[in-house]
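A.B. asks: Build me a structure from this.
(one chain, ligands or ions: 2)
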Amino acid sequence: MHYISTRGRAPRLDFSEVLLDGLGRDGGLYLPETWPQIDADTLRRWRGLSYADLAKRIMRLFVGTTIAPADLDRMIDDTYRGFDHRAVAPLKQLGPDEWVMELFHGPTLAFKDFALQLLGRLFDHVLDRSDRRGVILGATSGDTGSAAIEACRDRARLDVFILHPLGRTSEVQRRQMTTVLSPNIHNIAIQGTFDDAQDMVKAAFGDEGFRDTVGLTAINSINWARIAAQVVYYFHAGLALGAPDRPIAFSVPTGNFGDVYAGYIAARMGLPVAKLIVATNENDILARFFRDGDYSSAGVRPTLSPSMDIQVASNFERLLFDLKGRDGEATAAAIATFRATGRLPVTPAEVAEAQALFDAGAADDTRTLSTIRTVFGETGEILDPHTAVGVAVGRDRKPAGVPVVVLSTAHPAKFPDAVERAIGRRPALPERMADLMERPERFETLEADVSGLKSHIMSHRRNV
Ligand SMILES: Cc1ncc(COP(=O)(O)O)c(C=O)c1O
Ligand SMILES: N[C@@H](CCOP(=O)(O)O)C(=O)O
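C.D. replies: Ligands and ions are numbered 1, 2, ... in the order given. The predicted model follows:
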């Protein structure tokens with residue numbers, strides 16, 4: 001399996017290279033040269049596999065021969081053994097034809113653990129094999145950061161620099177990052193938004209000298225390996241509900257377009273997906289695109305679902321590449337126009353092609369709170385605000401006669417203030433995190449300026 005860049009000017013790489021390189025050297029994002037295919041008979045045979053055994057089969061298609069199967073299998077077993085629920089990604093029925101897939105049973109209580117717990121192990125394996133060291137640089141709106149830190153803390157070959165937007169995460173999210181005092185972990189609060197932080201990460205990758213000097217590696221979903229690992233749970237849910245003999249829809253709370261893009265890949269690989277419902281909060285650039293073809297930037301507004309307070313959705317470029325007929329030049333030109341004018345040029349035919357699989361909607365904070373309240377009243381289940389956005393939009397846009405699985409992306413205890421506003425009770429953190437609010441914190445604050453960031457990394461990395 002080989003990988004190519006959405007902008008068509010970066011070298012073709014194998015999985016291990018893509019894992020370490022992260023972002024293409026032409027500024028593009030890597031994706032497979034061709035989509036692996038899984039036929040209906042194979043899917044039927046895979047019914048009933050454990051989560052880890054399914055992950056081994058799917059990840060092998062993406063990893064190819066660059067990692068020995070026995071090593072990959074061992075890393076996958078270790079990864080999902082660390083989850084708190086025996087089913088790893090359990091499905092819970094909320095109502096007729098409506099399910100939530102709980103993706104928050106990993107160490108940091110959000111769906112990011114599915115990929116990042118595996119990535120931590122993959123990084124170690126590949127760096128060890130080549131006797132190299134690396135610097136991870138990532139941006140977070142709250143959940144990727146803690147999942148990356150948990151996965152990579154105390155790893156001898158890695159330094160980890162995580163940028164979060166100052167004051168724009170929940171307190172639990174911030175503390176999950178800043179109370180990890182391991183010497184290889186460096187938390188930085190940026191005076192700006194998540195979009196500013198993500199731009200800084202991309203700009204640092206764009207400086208080839210810096211990138212090569214420190215051995216820069218990505219943990220955001222710009223890294224293909226992140227997306228690959230997230231494809232697995234779409235198959236897991238689909239198989240549990242009757243795939244390949246029954247199509248299902250997914251409603252996915254969306255910000256950076258990584259999670260729902262993994263669903264798109266599952267569909268491209270052969271999972272019968274009736275619709276992928278893109279559910280945003282008031283930061284609705286993606287909902288506007290899939291409803292009206294309008295991908296135009298607007299300022300980021302803080303909401304009760306802060307992890308989705310994003311208006312430049314990184315992975316959208318991967319879908320755009322397919323919509324543009326896999327033409328790297330055309331994709332690069334469209335992104336450059338978006339950057340220059342704030343509006344993405346797309347044709348009506350491209351929008352129609354996207355709408356064949358995707359639908360979308362947005363839910364504001366009032367709707368988020370009322371959905372948490374309603375679902376609690378109906379079922380006793382407590383949703384986090386991101387999942388509530390997924391349920392609200394899923395209910396609005398549900399295709400008739402098709403079961404909808406809402407991706408439940410975070411544990412409600414990560415957002416106790418929002419949940420309390422909705423139902424008057426604060427969900428408790430798991431016992432292992434009960435003292436989180438008392439633990440000492442460590443982080444630096446920097447301006448949203450990439451040269452300051454690069455100097456900070458040069459002077460704080462240990463791997464020299
Ligand atoms: C809890 C939660 N839900 C949903 C999302 C949106 O996921 P994506 O950015 O992959 O669209 C995120 C972060 O991005 C998140 O942390
Ligand atoms: N919501 C994310 C934003 C970063 O997204 P990623 O999937 O590209 O890492 C977060 O919690 O940080």
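A.B. asks: what about the strands in the protein?
C.D. replies: Per DSSP state E, the chain carries strands over the ranges 3-5, 30-32, 91-95, 98-102, 134-139, 158-165, 185-191, 216-218, 248-253, 273-280, 358-362, 404-408, 444-447.
A.B. asks: Off-centre distance for the first one?
C.D. replies: Spelled out, it's strand 3-5. 19 Å (Cα atoms, centre = their mean, to the nearest Å).
A.B. asks: which secondary structure elements does that strand contact?
C.D. replies: Helices and strands touching strand 3-5, by 3 or more Cβ pairs under 8 Å, 6 or more residues apart in numbering; DSSP states H and E, are helix 15-21, strand 30-32. Quick note: C-beta positions are derived from backbone N, CA and C, even for glycine.
A.B. asks: Check the second one too.
C.D. replies: Contact here means 3+ Cβ pairs under 8 Å, 6+ apart; on that basis strand 30-32 packs against strand 3-5, helix 224-240.
A.B. asks: how about the last one against ligand 1, any contact?
C.D. replies: Which is helix 224-240. No: on the criterion Cβ under 6 Å from any ligand atom, helix 224-240 is out of touch with ligand 1, staying 7.8 Å away.
A.B. asks: related to what we said a few turns ago, quick one: which of the helices and strands packed on strand 3-5 is nearest residue 251?
C.D. replies: Nearest to residue 251, of all these, is strand 30-32, at 23.7 Å by Cβ to Cβ.
A.B. asks: ok so, going back, quick check: which of the helices and strands packed on strand 30-32 is nearest to ligand 2?
C.D. replies: The closest of the helices and strands packed on strand 30-32 to ligand 2 is helix 224-240. By Cβ to the nearest ligand atom, the value is 6.5 Å.
A.B. asks: what inclination does that closest one have with respect to strand 98-102?
C.D. replies: Counting by axes from the mean of the first three to the mean of the last three Cα atoms, to 10 degrees, helix 224-240 lies at 140 degrees to strand 98-102.
A.B. asks: Between strand 91-95 and helix 224-240, find me the angle.
C.D. replies: 60 degrees.
A.B. asks: What residues does the protein have near ligand 1?
C.D. replies: Within the chain, the positions adjacent to ligand 1 are 110, 142-143, 221, 253-260, 307-308, 386, 409-410 by Cβ under 6 Å from any ligand atom.
A.B. asks: Now with 5 Å, please.
C.D. replies: Counting by Cβ under 5 Å from any ligand atom, the chain comes close to ligand 1 at 143, 253-256, 258-259, 307, 386, 409-410.
A.B. asks: Most neighbours among those residues, which one?
C.D. replies: Of the residues of the chain next to ligand 1, residue 254 is surrounded by the most neighbours, 35 neighbours in total, counting by other Cβ atoms under 10 Å.
A.B. asks: OK, contacts around that one?
C.D. replies: Counting by Cβ atoms under 8 Å, 6 or more residues apart in numbering, residue 254 touches 260, 278-280, 286, 308, 313.
A.B. asks: Quick check: phi and psi on the nearest residue to residue 196 once chain neighbours are set aside?
C.D. replies: Spatial nearest neighbour of residue 196, chain neighbours left out: residue 448 (4.2 Å); criterion: Cβ to Cβ, 6 or more residues apart in numbering. Dihedral pair for residue 448: phi -80, psi 70, per degrees, to the nearest 10.
A.B. asks: Can you flag which of the residues of the chain next to ligand 1 belong to helices?
C.D. replies: Of those, the ones assigned to helices by DSSP state H are 143, 258-259, 386.
A.B. asks: Among these, which pair sits farthest apart?
C.D. replies: Greatest spacing in those, by Cβ to Cβ: 258 and 386 (13.4 Å).
A.B. asks: returning to what we had before: between the contacts of residue 254, which is nearest residue 272?
C.D. replies: Residue 272 lies nearest to residue 260 out of these, by Cβ to Cβ, at 16.7 Å.
A.B. asks: residues near the closest one, how many?
C.D. replies: By other Cβ under 10 Å, 30 other residues sit near residue 260.
A.B. asks: wait, what's in contact with it?
C.D. replies: Contacts of residue 260 (Cβ under 8 Å, 6+ apart): 250, 252, 254, 276, 278, 358.
A.B. asks: Surely residue 285 and residue 311 touch.
C.D. replies: Yes: between residue 285 and residue 311 there is a contact under Cβ atoms under 8 Å: 5.1 Å.
A.B. asks: Pull up the overlap in contacts between those two.
C.D. replies: Shared contacts of residue 285 and residue 311, defined by Cβ under 8 Å, 6+ apart, are found at 297-298.
A.B. asks: Which of the two has more residues huddled nearby?
C.D. replies: residue 285 (23 against 19).
A.B. asks: could you check the distance from the more buried one over to residue 294?
C.D. replies: Counting by Cβ to Cβ, to the nearest Å, the gap between residue 285 and residue 294 amounts to 8 Å.
A.B. asks: How about residue 445?
C.D. replies: Distance, residue 445 to residue 294, using Cβ to Cβ: 35 Å.
A.B. asks: okay, the two: which has more neighbours?
C.D. replies: Neighbour count, other Cβ under 10 Å: between residue 445 and residue 294, residue 294 has more, with 15 against 10.
A.B. asks: who are the neighbours in contact with the more buried one?
C.D. replies: In this structure, residue 294 makes contact with residue 288, judged by Cβ under 8 Å, 6+ apart.
A.B. asks: Not counting sequence-adjacent ones, nearest residue to the residue in the stretch 1-150 of the chain that ligand 1 sits nearest to?
C.D. replies: Residue of the stretch 1-150 of the chain nearest ligand 1, by Cβ to the nearest ligand atom: residue 143 (3.3 Å). The shortest distance from residue 143 to any non-neighbouring residue, by Cβ to Cβ, 6+ apart, is to residue 110 (4.0 Å).
A.B. asks: quick revisit: can you tell which of the helices and strands packed on strand 30-32 is closest to residue 211?
C.D. replies: Ranking the helices and strands packed on strand 30-32 by distance to residue 211, with Cβ to Cβ as the measure, places strand 3-5 first at 14.9 Å.
A.B. asks: what's the neighbour count on the closest residue to residue 443 other than its chain neighbours?
C.D. replies: Nearest in space to residue 443, with sequence neighbours left out and distances taken as Cβ to Cβ, 6+ apart, is residue 187 at 3.8 Å. By the criterion of other Cβ under 10 Å, residue 187 has 24 neighbours.
A.B. asks: Would you mind naming the residues that bridge with residue 187?
C.D. replies: residue 162 (DSSP bridges).
A.B. asks: now it: how far from residue 104?
C.D. replies: Separation of residue 187 from residue 104 (Cβ to Cβ): 22 Å.
A.B. asks: Then residue 265?
C.D. replies: 22 Å.
A.B. asks: Dump the C-alpha coordinates for stretch 365-384 into CSV.
C.D. replies: Extracted C-alpha coordinates of stretch 365-384, given in CSV (Å, rounded to 0.1, in the frame of the first residue of the first chain):
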residue,chain,number,x,y,z
ASP,A,365,-26.1,25.5,22.4
THR,A,366,-29.8,25.7,23.3
ARG,A,367,-30.5,22.7,21.2
THR,A,368,-27.5,20.9,22.7
LEU,A,369,-28.8,21.4,26.2
SER,A,370,-32.4,20.4,25.3
THR,A,371,-31.1,17.3,23.6
ILE,A,372,-29.1,16.2,26.7
ARG,A,373,-32.2,16.9,28.8
THR,A,374,-34.6,15.0,26.4
VAL,A,375,-32.4,11.9,26.0
PHE,A,376,-31.8,11.8,29.8
GLY,A,377,-35.6,11.9,30.3
GLU,A,378,-36.3,9.3,27.7
THR,A,379,-33.5,6.8,28.5
GLY,A,380,-31.5,7.8,31.6
GLU,A,381,-28.4,8.1,29.4
ILE,A,382,-26.2,11.2,30.0
LEU,A,383,-24.8,12.6,26.8
ASP,A,384,-21.8,14.9,26.5
